[in-house]
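Visitor: Just a sequence and a predicted model for now, questions to come.
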Amino acid sequence: MLCVWWVLPSAFKGLIRSTFYECQAPAWAGLSYLGDLQALWTDRARSRTQLIEAGRDMARLNSAYLLRIQQADIQKDELQRIESMLALPPLPEWDYVVARVVRRDLDTWWQRMIIRRGYDDGIRVGDGVVYRDGVVGRIVEVHKYTSVVELVSSASFRVAAHVDTDMRPVTYVGKPAPVFRDPGGEATNVPADIIADTAKPRRLVTSRLGGAFPDGLTIGFMRKMEPEPDGLFQRSEVLLNPSLVSLQEVAVLVPLLREQNADNTPVKQ
Amino acid sequence: MFVQHACQMLSASVLPGLWLHIDALFLVFPILYLRFAHGLPQLVIVSLAYDAMWPGPYGTRLVIYSLILAVMVPIRLRIRRENPMHVLLLSMALNLVVFVGLALVATFGPEHMGEVPIGRMLGDLLASELVVGLCAFWWLEVQRALIIMSSGDDPAGYPIVG
């Protein structure tokens, strides 16, 4: 039987895999919906005073964000003006597709999560995934209604980055979490003149060089630099946000250009 | 699913960086109660379904589970399935074999995952062995009770066939 399995064409194995995956996906999605329902009923138990306070806080936040949006619009116009003056190609823009987390696989070797958005929502392999505190990971598998996200802490996750105030490129690689510790990563090729210590950690942010993420999203914090063997660069452990392993909701970055191209594609009759 | 949720909760709350591998729980019942012709299809379906969610090479568990079943069928005559200590030792040994197999595939396979801290692997292995050892006999009895409830037939009434 094992011989039969080994000689089976990989396309056939892929078909079996996606069949088994798609059969299980509704069960996981169902559990996720049940969790949402549970959260809803928990929220319904809150008192009216708590809701009024939450509404007041939300109104304040909304006002602050409206001001931020106005400032961002002004900056965007300014950027477009400079781009047209210098004949520069426009910066890539993204649409944010919000998705609920269905399942988290943070096992010994792989760090992944499954989200409740898939091919039908315009998500494709390679799209970046973010949350309120920064980068979550990258899409590695897309199914009809679900997608698999490789987390920023996964050893196979690699992305171009830079230190917050320094534009020189740095490489970030995820590292599996040691036992009883939060997930982390490692930054390599850090320029030798950058200093970081526990009292003054440096923020590592995404670079637009990678293409999947906009510039400036937080990856993690570097607390201690060590020289690399070549002596030209440094490396540092990167501390990720511990809330990464308990996320309930994320946003997938879908490039606007791809969305526009998809909209312009004539529908086949 | 329950174990997956338990692992998620462990990782997200009190014990980050810990994951339970409970593959032996899928293996003990087919090995100790089912004929080879009945146990094999069950293991094939379980392993393919489990592997569909696993990022490693598809069919890894199918190969490991099938090899274990083939090796265990002649040996199982010597195991007393009504003895909790036998079940405990068997399940822990099976879990160790599957864990080592998965570790080899994850480390040297085509989907190379880089270096995993040895402490993490040992921590996961020890916690998994503990959980599997404690749960195996109870899990076996639950499956047996479900069969009695659904068919009225006690699988313990049938001899183990080599």
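Guide: Yes, it's here. Residues are numbered from 1 along each chain as shown, chains lettered A, B, ... in the order given.
Visitor: Show me the residue at the heart of chain B, geometrically.
Guide: By CA atoms, centre = their mean, chain B has its centre lying nearest to B:Ala24, at 1.8 Å.
Visitor: wait, I meant chain A
Guide: Centre-most residue of chain A, counting by CA atoms, centre = their mean: A:Val129, 2.4 Å.
Visitor: so what's that one scoring on pLDDT?
Guide: Looking at A:Val129, its pLDDT stands at 94.
Visitor: Close to chain B: what parts of the stretch 101-250 of chain A are there?
Guide: Residues of the stretch 101-250 of chain A lying close to chain B by CB under 8 Å from any CB of the partner chain are A:103-110, A:112, A:114, A:140, A:148, A:154-156, A:173, A:175-183, A:242, A:245-246. (Glycine included, C-beta is placed from N, CA and C.)
Visitor: Among these, name the buried ones.
Guide: With burial judged by 16 or more other CB atoms under 10 Å in any protein chain shown, the buried subset of these is A:103-110, A:112, A:114, A:140, A:148, A:154-156, A:173, A:175-179, A:182-183, A:245.
Visitor: quick one, what contacts A:Leu217?
Guide: Applying CB atoms under 8 Å, 6 or more residues apart in numbering or on different chains, we find A:Leu217 in contact with A:130, A:134-135, A:205-206.
Visitor: From the structure, what's the count of residues near residue 63?
Guide: Unless you meant another one, I'm taking chain A. Counted with other CB atoms under 10 Å in any protein chain shown, residues neighbouring A:Ser63 total 10.
Visitor: Hmm, no, I was thinking of chain B.
Guide: B:Val63 is flanked by 18 other residues according to other CB under 10 Å.
Visitor: any idea which element it lies in?
Guide: Element membership of B:Val63 [criterion: DSSP states H and E] is helix B:60-75.
Visitor: Please apply the same query to A:Pro214.
Guide: Applying DSSP H and E, one finds A:Pro214 in no helix or strand.
Visitor: Can you tell me how far it is from chain B?
Guide: Between A:Pro214 and chain B the distance is 27 Å, computed by CB to the nearest CB, to the nearest Å.
Visitor: surely that residue meets A:Ala251?
Guide: No - contact criterion CB atoms under 8 Å: A:Pro214 and A:Ala251 do not qualify, at 11.9 Å.
Visitor: what about chain B, any weak spots by pLDDT?
Guide: Filtered on pLDDT under 70, chain B yields the residue ranges B:1-17, B:110-115, B:161-162.
Visitor: next one: the lengthiest helix in it to chain centre, how far?
Guide: Identified as the longest helix of chain B according to DSSP state H is helix B:118-151. Its chain's average C-alpha position is 8 Å from that of helix B:118-151, according to CA atoms, centre = their mean, to the nearest Å.
Visitor: That one near chain A anywhere?
Guide: Yes - using CB under 8 Å from any CB, helix B:118-151 reaches chain A at B:119-124.
Visitor: Please spell out the ChimeraX selection for the buried subset of those residues.
Guide: With 16+ other CB under 10 Å as the criterion, this ChimeraX line picks the buried residues out of those:
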select /B:120,121,123,124
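Visitor: returning to what we had before: for the closest residue to the residue nearest to the centre of chain A other than its chain neighbours, phi and psi?
Guide: Leaving aside its chain neighbours, A:Val129 sits nearest to A:Val136 (4.2 Å; criterion: CB to CB, 6 or more residues apart in numbering or on different chains). Dihedral angles of A:Val136 (phi, psi; degrees, to the nearest 10) stand at phi -100, psi -50.
Visitor: which residues touch A:Val136?
Guide: Neighbour list for A:Val136: A:113, A:129-130, A:149, A:151-152, A:244, A:247, A:250 [criterion: CB under 8 Å, 6+ apart].
Visitor: before we move on, which element is residue 97 in?
Guide: Using chain A. Applying DSSP H and E, one finds A:Val97 within strand A:94-106.
Visitor: actually chain B
Guide: Going by DSSP H and E, B:Val97 is part of helix B:84-108.
Visitor: if you look at that helix, does any of it touch chain A?
Guide: Yes - Helix B:84-108 lies within reach of chain A by CB under 8 Å from any CB, at B:102-103, B:106-107.
Visitor: I'd like those laid out as a markdown table, including neighbour count and distance to B:Ala136.
Guide: Output for the residues of helix B:84-108 next to chain A, formatted as a markdown table (neighbours: other CB atoms under 10 Å in any protein chain shown; distance: CB to CB, whole Å):
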| residue | neighbour count | distance to B:Ala136 |
| --- | --- | --- |
| B:Leu102 | 21 | 19 |
| B:Ala103 | 17 | 21 |
| B:Ala106 | 24 | 24 |
| B:Thr107 | 14 | 27 |
